[in-house]
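need coordinates for the below:
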Amino acid sequence: MKDEPRTFFEHLGELRIRIVVSAFAVIIGTTISLILNRRLFDLSDGLLTLPLRIQATDIMVAILGFISRFLDSSVLDLAQLFLQSRSTETHAITLFAAAPMEKFAVVFKASFVVGMIISAPVILYELWAFVLPALKQNEKSYFLPLFLITLLFFSVGAVFAFLIVAPVSIPILTGLLPSVQNQWRIENYFSFVGWLVLAFGASFELPVVMGFVARVGIIDAKVFRKKRKIAVVLVFVASAILTPTQDPFTLFLMAIPLLILYEIGIRFAVMLGNQRVSQLAG
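The predicted model follows:
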């Protein structure tokens, strides 16, 4: 069945409905986070304070253990034993509130961020559902796969930031100037972790964006290959802007995966690319 053309105001009305549904999803996710605030914020076993309790050596051991399942190597086994036996120096962080209402504000802001992450499947679905009528009939078959891939890449980026980037960055940041005590405002800590998760989740959508752009015929895979050097510069600039602390360690932890994702995006552009000549190919 062919879709009837819609007027500008009909598109505007549909956009408003999509935004309202997404907003309700965020409200529900935020409410759930507020109800479970003790499980989220507790310093001893709270979910959001997990990056403070994970050591970088634990992460490396877990990664090597995962790789060793596929590669039977004595070198990997020795590396795991070395890391397990190594005593990593930890730098204690004291979180404090600098204002009477800061705890309340932090709980609400962090719950809102968690609520956005919880509602991400709904938001992404509403986004793709709004774009769906603009696609051709044969292109609509890509809707469900693209939605699932979008959700997958966002989830991988968010988990990567929370379980790897934050735990690796925090000891490095706290280890600078050892004579200075590490007393962080709770607002700064949760803003740091929350922004990392959202920034990495969004930035990991790069292959999906590249594939979609190639599909609609704006830029094709040949142009993406040709502009690799420019892409490298733009990736590092974007990483410097998106990383909350702008330190070189976190910057590289974002830039390196993005460069890999750019190469994956080229493959997406090849698979989904429109056969028409790119408007920017010249």
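
contacts, neighbours, all on C-alpha from now
Will do.

tell me where this protein has strands.
Using DSSP state E, the strands found in the chain span residues 94-96, 183-185.

is it possible to export those strands to a markdown table including mean neighbour count?
A markdown table is the format used below for those (neighbours: other CA atoms under 10 Å):
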| stretch | mean neighbour count |
| --- | --- |
| strand 94-96 | 14 |
| strand 183-185 | 15 |
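
could you dump these to TSV with mean pLDDT and distance to residue 115?
Below are these laid out as TSV (pLDDT from 0 to 100; distance: least, CA to CA, whole Å):
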stretch	mean pLDDT	distance to residue 115
strand 94-96	81	23
strand 183-185	84	22
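
for the stretch 151-282 of the chain, which residues score under the pLDDT cut-off?
Where the stretch 151-282 of the chain drops to pLDDT under 70, the residues are 244-247, 249, 273-282.

if I look at the most centrally placed residue in the chain, how far off is residue 53?
In the chain, the centroid-proximal residue (CA atoms, centre = their mean) is residue 201; its distance is 1.6 Å. Distance, residue 201 to residue 53, by CA to CA, to the nearest Å: 22 Å.

what of residue 220?
On the measure of CA to CA, residue 220 and residue 53 end up 44 Å apart.

which one of the two has more residues nearby?
Per other CA atoms under 10 Å, whichever of residue 220 and residue 53 has more neighbours is residue 220, with 28 against 14.

excluding its backbone neighbours, what's nearest the more buried one?
Distances taken as CA to CA, 6 or more residues apart in numbering place residue 214 nearest to residue 220, at 4.7 Å, with adjacent residues excluded.

what's around the one you found, how many residues?
Neighbourhood size, residue 214 [other CA under 10 Å]: 28.

surely it and residue 224 touch.
No: contact criterion CA atoms under 8 Å: residue 214 and residue 224 do not qualify, at 9.4 Å.

please parse this protein into its domains.
Domain assignment of the chain by automatic domain parsing yields the ranges 1-55+90-197, 205-282.

mind putting these into a markdown table with distance to residue 67?
Shown next, in a markdown table, are the domains of the chain (distance: least, CA to CA, whole Å):
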| stretch | distance to residue 67 |
| --- | --- |
| domain 1-55+90-197 | 16 |
| domain 205-282 | 18 |
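
and residue 123, what does it touch?
22, 25 (CA atoms under 8 Å, 6 or more residues apart in numbering).

burial count for residue 179?
Neighbours of residue 179 using other CA under 10 Å come to 7.

report the contact partners of the residue nearest to the centre of the chain.
Per CA under 8 Å, 6+ apart, neighbours of residue 201: 153, 154, 155, 156, 157, 158, 161.

from residue 161, how far off is it?
From residue 201 to residue 161 the distance is 8 Å (CA to CA).

same deal with residue 178?
25 Å.

compare the two (neighbour count), which wins?
For residue 178 versus residue 161, neighbours defined as other CA under 10 Å are more numerous around residue 161 (27 against 9).

got the contact list for the nearest residue to that one once chain neighbours are set aside?
With sequence-adjacent residues excluded and distances taken as CA to CA, 6+ apart, residue 161 is closest to residue 197, at 5.3 Å. Residue 197 makes contact with 157, 158, 159, 161, 162, according to CA under 8 Å, 6+ apart.
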